[in-house]
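S.K.: Kindly return the folded structure for what I paste below:
(one chain, ligands or ions: 2)
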Amino acid sequence: MDILILGGAGQVGTELQAFSWPEGVRVHAPDRRSLDVTDEAAIAAAFDARAYAAVINTAAYTAVDKAESEVATAWRLNALASALLAAETKRRAIPLVHVSTDYVFDGAGDGFYAPDAPVNPQSVYGASKAAGEMAVRSANPRHAIVRTAWVVSPHRGNFVKTMLRLAGEREKLTVVDDQYGCPTSAADLAATLAAIALRMAGDERAPTGTFHCVNDGATTWCDFARAIVAGAARRGGRSVAVEGIPTAAYPTPAKRPANSRLSTQSLSDAYGLAPRPWEAALDDILDRLIGPVRSN
Ligand SMILES: NC(=O)C1=CN([C@@H]2O[C@H](COP(=O)(O)OP(=O)(O)OC[C@H]3O[C@@H](n4cnc5c(N)ncnc54)[C@H](OP(=O)(O)O)[C@@H]3O)[C@@H](O)[C@H]2O)C=CC1
Ligand SMILES: Cc1cn([C@H]2C[C@H](O)[C@@H](COP(=O)(O)OP(=O)(O)O[C@H]3O[C@@H](C)C(=O)[C@@H](O)[C@H]3O)O2)c(=O)[nH]c1=O
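M.R.: Ligands and ions are numbered 1, 2, ... in the order given. Predicted coordinates:
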């Protein structure tokens, strides 16, 4: 069985390639140079070249602030490419597992968002991802749109790596303490995406629709930063203070949701997959980035 992974060099794509796929499954993860997902002819040629049993799309424009000034580039990748992939996979009756984001929500609601809660993106990134979701939903009925949030890993740039770098440079970190969400390990997300893709590839009646996949629990960016710094300190890193500040004190080009906590209930119901706590996932990432906890 052949599975196509798009965005294979990204955080989630890297973990998808590292995943222990069952014997007989071959994963193909062309990089952007070999397959530009915004190029309709290139996409068609890729599908002509091999009969894929499933596609996992993690390719995206993820620079949230830069997207505010690179609107067309963000929309080409997050909306247009998703539409092209959805149309091409539909034409060939291939299931499409497509990754989306908590930033499709406005964050005004309380509690944990269910997948059918109304979207109301507040940023160019969020709007372009919401458009991508709509394209997938309307073009290919055999889809799983998997929204995730606050993805972290040992790879590329992400909040864990930023906090570790800043903790090495500054005496004190200042981090917003009024935005709530669910940190998610790229490795845990990859395992879920793989499980969904394998099930959809082997079963035409596998559950379809929109799901949420995040690690269990929720926190603020500030408390997440504190956990990162404390975890690093347990591994011999510098212990620095993390001061909570309001969003207004940390102005950014893009507006972020104040609450983007996601409920994973429907994913558990449909696929029997239950996430582990974000703190355990963070420990694994720090082990990989820094090393094991030091005993005194
Ligand atoms: N990061 C996060 O915190 C969150 C991410 N998500 C979603 O999860 C998914 C994966 O995110 P993540 O792994 O962090 O993203 P990354 O930014 O780490 O990776 C995105 C990948 O897309 C590739 N790409 C960019 N343009 C093209 C193109 N034209 N053709 C082919 N590939 C291209 C990039 O290539 P290159 O290596 O050349 O740059 C990169 O490998 C995305 O859908 C994102 O919206 C959702 C919530 C949170
Ligand atoms: C670096 C830094 C950030 N912040 C704030 C800014 C912002 O509100 C919050 C997170 O900052 P970042 O810019 O690192 O994260 P951001 O790019 O907003 O992360 C998002 O990426 C996209 C791709 C998603 O889909 C989202 O789920 C989410 O993970 O922390 C501080 O308060 N202090 C700091 O020193």
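
S.K.: surely Cys176 meets Thr219?
M.R.: In this structure residue 176 is Val, not Cys. No - under the criterion of Cβ atoms under 8 Å, Val176 makes no contact with Thr219, lying 11.8 Å away. Where you see a C-beta, it was placed from the backbone N, CA and C, and this is true even at glycine.

S.K.: Kindly export stretch 285-293 (C-alpha atoms) in PDB.
M.R.: Taking Å, rounded to 0.1, in the frame of the first residue of the first chain, the C-alpha atoms of stretch 285-293 are listed here in PDB:
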ATOM      1  CA  ILE A 285      10.100  16.400  23.400                       C
ATOM      2  CA  LEU A 286      12.400  17.800  26.100                       C
ATOM      3  CA  ASP A 287      14.000  14.400  26.400                       C
ATOM      4  CA  ARG A 288      14.700  14.400  22.700                       C
ATOM      5  CA  LEU A 289      15.900  18.000  22.600                       C
ATOM      6  CA  ILE A 290      17.900  18.200  25.800                       C
ATOM      7  CA  GLY A 291      18.200  14.700  27.300                       C
ATOM      8  CA  PRO A 292      16.700  12.900  30.200                       C
ATOM      9  CA  VAL A 293      15.800  14.500  33.600                       C
END
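
S.K.: That one: how far from the chain's middle?
M.R.: Here the centre of stretch 285-293 is set off from its chain's centre by 21 Å, with Cα atoms, centre = their mean, to the nearest Å.

S.K.: What residues sit buried inside it?
M.R.: For stretch 285-293, the neighbour count (16 or more other Cβ atoms under 10 Å) marks Ile285, Leu286, Leu289, Ile290 as buried.

S.K.: Can you lay out those as JSON lines showing pLDDT?
M.R.: Listed next are the buried residues of stretch 285-293 as JSON lines, based on pLDDT from 0 to 100:
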{"residue": "Ile285", "pLDDT": "98"}
{"residue": "Leu286", "pLDDT": "98"}
{"residue": "Leu289", "pLDDT": "97"}
{"residue": "Ile290", "pLDDT": "96"}
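
S.K.: Cross those against helices and list the overlap.
M.R.: Assigned to helices by DSSP state H, the following of those qualify: Ile285, Leu286, Leu289.

S.K.: of those residues, closest to ligand 1?
M.R.: Within those, proximity to ligand 1 (Cβ to the nearest ligand atom) peaks at Ile285, which comes in at 13.0 Å.

S.K.: got a list of what the closest one touches?
M.R.: With contact set as Cβ atoms under 8 Å, 6 or more residues apart in numbering, Ile285 has these partners: Val152, Ser153, Pro154, Val160, Ser185.

S.K.: still on that earlier bit, could you save the buried residues of stretch 285-293 as a markdown table and add columns showing distance to ligand 1?
M.R.: Listed next are the buried residues of stretch 285-293 as a markdown table, based on distance: Cβ to the nearest ligand atom, whole Å:
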| residue | distance to ligand 1 |
| --- | --- |
| Ile285 | 13 |
| Leu286 | 17 |
| Leu289 | 16 |
| Ile290 | 20 |
